[in-house]
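J.: how would this look folded up:
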Amino acid sequence: MERAGVPEDDAGAGGAFAARLRALDQAAWAELYDRHHAQLWRYAYVRTGSRDAADDLAAQVFAEALSSIGRYRYKGRPILAWLYAIARNLTSKHLRRMQRDAPGEYVEPSGGSLEDRL
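T.: Residues are numbered from 1 along each chain as shown. Purely as a prediction, here's the structure:
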């Protein structure tokens, strides 16, 4: 139940919203997505600088949340904190993979090499 505009999972409803998610209630999952997708997308975009990566990562957050909702335990904090933890882990993994797959190439400073300038 919402309390004066405070989302159910933030209102201290004793985990009722999380229980609906664990029961795979489609309306609860739609509500979760509608409520938090934009925030998670912006987080991924700021971390990666890529709209495509942000699209993929935001979708992965919800896929990961769906697959691991059985392990989620309500601890009095908003479920968004859990979603951000998932987003942080996925984004960090993505950035490590990007760094590994495309290591930074050395770019010669303008004006030639240091040896040429000495």
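J.: rest of the way, CA atoms for contacts and neighbours
T.: Will do.
J.: what's the closest non-adjacent residue to the residue nearest the centre of the chain?
T.: The centre of the chain sits closest to residue 87, judged by C-alpha atoms, centre = their mean, with a distance of 2.3 Å. Take residue 87 and drop its neighbours on the chain: the residue closest to it by C-alpha to C-alpha, 6 or more residues apart in numbering is residue 61, 5.7 Å away.
J.: so which helix or strand takes in the one you found?
T.: When secondary structure is defined using DSSP states H and E, the element that contains residue 61 is helix 51-68.
J.: and that helix, how far out from the chain middle?
T.: Counting by C-alpha atoms, centre = their mean, to the nearest Å, helix 51-68 is centred 7 Å from the centre of its parent chain.
J.: now do stretch 26-38
T.: Using C-alpha atoms, centre = their mean, the mean C-alpha position of stretch 26-38 is found 14 Å from that of the whole chain.
J.: what's in contact with it?
T.: For stretch 26-38, the external contacting residues (C-alpha atoms under 8 Å, 6 or more residues apart in numbering) are 17, 20-21, 58, 62, 80.
J.: re earlier: what about the residue nearest to the centre of the chain, distance to residue 71?
T.: When distances are taken as C-alpha to C-alpha, to the nearest Å, residue 87 and residue 71 turn out to be 17 Å apart.
J.: same check on residue 19?
T.: Taken as C-alpha to C-alpha, the span from residue 19 to residue 71 is 11 Å.
J.: so between those two, which is more surrounded?
T.: The residue with more neighbours, out of residue 19 and residue 71, is residue 19; 17 against 9, by other C-alpha atoms under 10 Å.
J.: that one belongs to a helix, doesn't it?
T.: Yes: if the criterion is DSSP: H, G, I helix; E, B strand; the rest coil, then residue 19 is within a helix.
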